[in-house]
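dropping the sequence and predicted coords here.
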Amino acid sequence: MSTRRFSTTAGVFHKPVATRERAEAEAKGWARLASRIAVPALHGQIALPDSQLLAYEDVFATGRCELLMGDVIALADRDPAVQPRLDRLVDGVCADLRAAAEETGETVPLAECVPDLYLDRIRPGGRLDRWYLLRDLPFALPHTGTVLTLRELADFTLTANGRPLTLNVADTIERLRDALAPDRRRRTGLTQGDPTEPNIADPLCWLDFDFAGRNTVAGEAANLLWYLMGLGGWLVPRYQPDVYARTLRLALSPRSGPRIDHLELHWSSRHIDVRYSWHTGPGRTAALTRALDGLLRGNGSGLEEVRAFLALRILGVIPPARLTGHDLLLVLVKLAESQHPHTTLDTFFTTTPAPHPGPGERSGDVPAPA
């Protein structure tokens, strides 16, 4: 997702890029997509003493677009009349991703894809090692008054909503490293590379081309689906509120979020029993269901195809040290579910839609759990 500050003048959107090489790579990625999908015009590149600027069309200043996908979802959470607009946007996104796979698809080693979101994060010494393996992260187990570390947690069995799971993050990362090895061949297409709610404008226009180029079909699906499930409506606004406010037009607060309803810790048997519910607004629930149908279920694909990419998105976006014990445990439960061989798309992406608010409730927010 985009986290940069941009400046706009007279219908032009100036995006700072650290180096000339990065600017040229982004411009090349944009050019590979410009004839196939809706993108802002790229007016040129400006050299500054210590950085580069890419001058894009400002699609909001020109009136070409009005909102970002995250804004439309938030509005649909509050007003069912917005739902058809959100449906059209999600359908368009899925159609573009399917067309990329059909028209520019190749099966290639992962090393030939844009590396930033996957290879760079899973490599030895990369982001996942720094966040999870180089220190034994402690966290407070909610509802128990107990502090465990990630390594201690691996010695416990866990039942989540009646399903037995194992929470061994180190083992999962090693399996991901094998599944996402550079020589592993994957179905790919030419895409924008980071299909998230701040990077998709309405009416449909793709923004932010940091990762544009040859990307995996499964990685694009996992990225969008986890953003709809866990990042856009929960983790990003809670833990990156400055990014959330800067990248969305309205930045309306989520109306609901997942929560742990019950947890029991059994020391003698080293077992944890947890019940949780994954509440989302009605607009977000509908968008997630529609994206699932458009990207996976509609093509006969299942969780197996996206399993490794989904796990890396779950682990690799928000630093775990910043999460409350409540939220980290939910992240780890979804990680374990994503890797369980009997987990299906429907069980993993099950949500409980919150009702539309009444007319007098539309400015309220659901507080974060303690």
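That came through, no problem.

please enumerate the helices of the stretch 101-250 of the chain.
119-122, 127-128, 150-153, 169-179, 217-226, 236-239, 241-247 (DSSP state H, counting those that start in this stretch).

pipe these into TSV and attach mean neighbour count per row.
In short, each C-beta sits where N, CA and C put it, glycine included. Below are the helices of the stretch 101-250 of the chain laid out as TSV (neighbours: other Cβ atoms under 10 Å):
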stretch	mean neighbour count
helix 119-122	19
helix 127-128	19
helix 150-153	17
helix 169-179	16
helix 217-226	26
helix 236-239	21
helix 241-247	16
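
between the ones you listed, which gets nearest to Ala308?
Proximity to Ala308, assessed across these by Cβ to Cβ, is greatest for helix 169-179 (3.9 Å).

show me what the closest one is packed against.
helix 119-122, helix 150-153, helix 303-315, helix 325-339 (3 or more Cβ pairs under 8 Å, 6 or more residues apart in numbering; DSSP states H and E).

tell me which residue is most central in this protein.
The centroid of the chain falls nearest to Tyr227 when counting by Cα atoms, centre = their mean (3.0 Å).

mind listing what that residue touches?
Counting by Cβ atoms under 8 Å, 6 or more residues apart in numbering, Tyr227 makes contact with Met1, Pro195, Thr196, Glu197, Arg313.

nearest to Thr19 among those?
Met1 (20.8 Å).

I'd like the distance between Asp58 and Pro40.
7 Å (Cβ to Cβ, to the nearest Å).

give me the common contacts of the two.
Phe13.

what would the helices and strands packed on helix 169-179 look like in a markdown table with distance to Thr289 and mean pLDDT?
Below are these laid out as a markdown table (distance: least, Cβ to Cβ, whole Å; pLDDT from 0 to 100):
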| stretch | distance to Thr289 | mean pLDDT |
| --- | --- | --- |
| helix 119-122 | 28 | 95 |
| helix 150-153 | 32 | 96 |
| helix 303-315 | 15 | 97 |
| helix 325-339 | 17 | 97 |
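
now these as JSON lines including distance to Thr188?
Listed next are these as JSON lines, based on distance: least, Cβ to Cβ, whole Å:
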{"stretch": "helix 119-122", "distance to Thr188": "13"}
{"stretch": "helix 150-153", "distance to Thr188": "33"}
{"stretch": "helix 303-315", "distance to Thr188": "12"}
{"stretch": "helix 325-339", "distance to Thr188": "21"}
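
helices and strands around whichever strand or helix holds Ala27, which ones?
Secondary structure from DSSP states H and E places Ala27 in helix 20-33. With contacts defined as 3+ Cβ pairs under 8 Å, 6+ apart, helix 20-33 has these neighbours: strand 42-47, strand 52-57, strand 185-191, strand 213-216.

how about these in JSON lines, adding mean pLDDT?
Formatted as JSON lines, the helices and strands packed on helix 20-33 follow (pLDDT from 0 to 100):
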{"stretch": "strand 42-47", "mean pLDDT": "93"}
{"stretch": "strand 52-57", "mean pLDDT": "95"}
{"stretch": "strand 185-191", "mean pLDDT": "98"}
{"stretch": "strand 213-216", "mean pLDDT": "98"}
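
and these: which comes nearest Cys94?
Nearest to Cys94, of these and by Cβ to Cβ, is strand 185-191 at 12.1 Å.

what angle separates that closest one from helix 217-226?
70 degrees (axes from the mean of the first three to the mean of the last three Cα atoms, to 10 degrees).

which elements pack onto strand 185-191?
helix 20-33, helix 83-104, strand 106-109, strand 213-216, helix 217-226.

okay, those in a markdown table with distance to Asp178 next?
A markdown table is the format used below for those (distance: least, Cβ to Cβ, whole Å):
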| stretch | distance to Asp178 |
| --- | --- |
| helix 20-33 | 28 |
| helix 83-104 | 24 |
| strand 106-109 | 14 |
| strand 213-216 | 16 |
| helix 217-226 | 16 |
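
mind listing what the residue nearest to Thr157 when sequence neighbours are not counted touches?
Closest residue to Thr157 apart from its sequence neighbours, by Cβ to Cβ, 6 or more residues apart in numbering: His271 at 5.0 Å. By Cβ under 8 Å, 6+ apart, His271 lies in contact with Phe156, Thr157, Leu158, Thr159.

low pLDDT regions in the chain?
Scanning the chain for pLDDT under 70 picks out the ranges 1-9, 355-356, 358-370.

can we see that at 50?
1-5, 361-370 (pLDDT under 50).

I figured Val243 hits Val236, correct?
Yes - with contact defined as Cβ atoms under 8 Å, Val243 counts as touching Val236 (6.5 Å).

strands - which of the contacts of His271 land there?
Thr157, Leu158, Thr159 (DSSP state E).

I'd like to know how far the last one sits from Leu167.
Per Cβ to Cβ, Thr159 is found 11 Å from Leu167.

in terms of neighbours, single out the busier of the two.
With neighbours defined as other Cβ atoms under 10 Å, Thr159 and Leu167 compare such that Leu167 has more, 21 against 14.

surely the more buried one meets Leu330?
No - the pair Leu167 / Leu330 is not scored as a contact, 11.5 Å apart, by Cβ under 8 Å.

sweet, I'm off.
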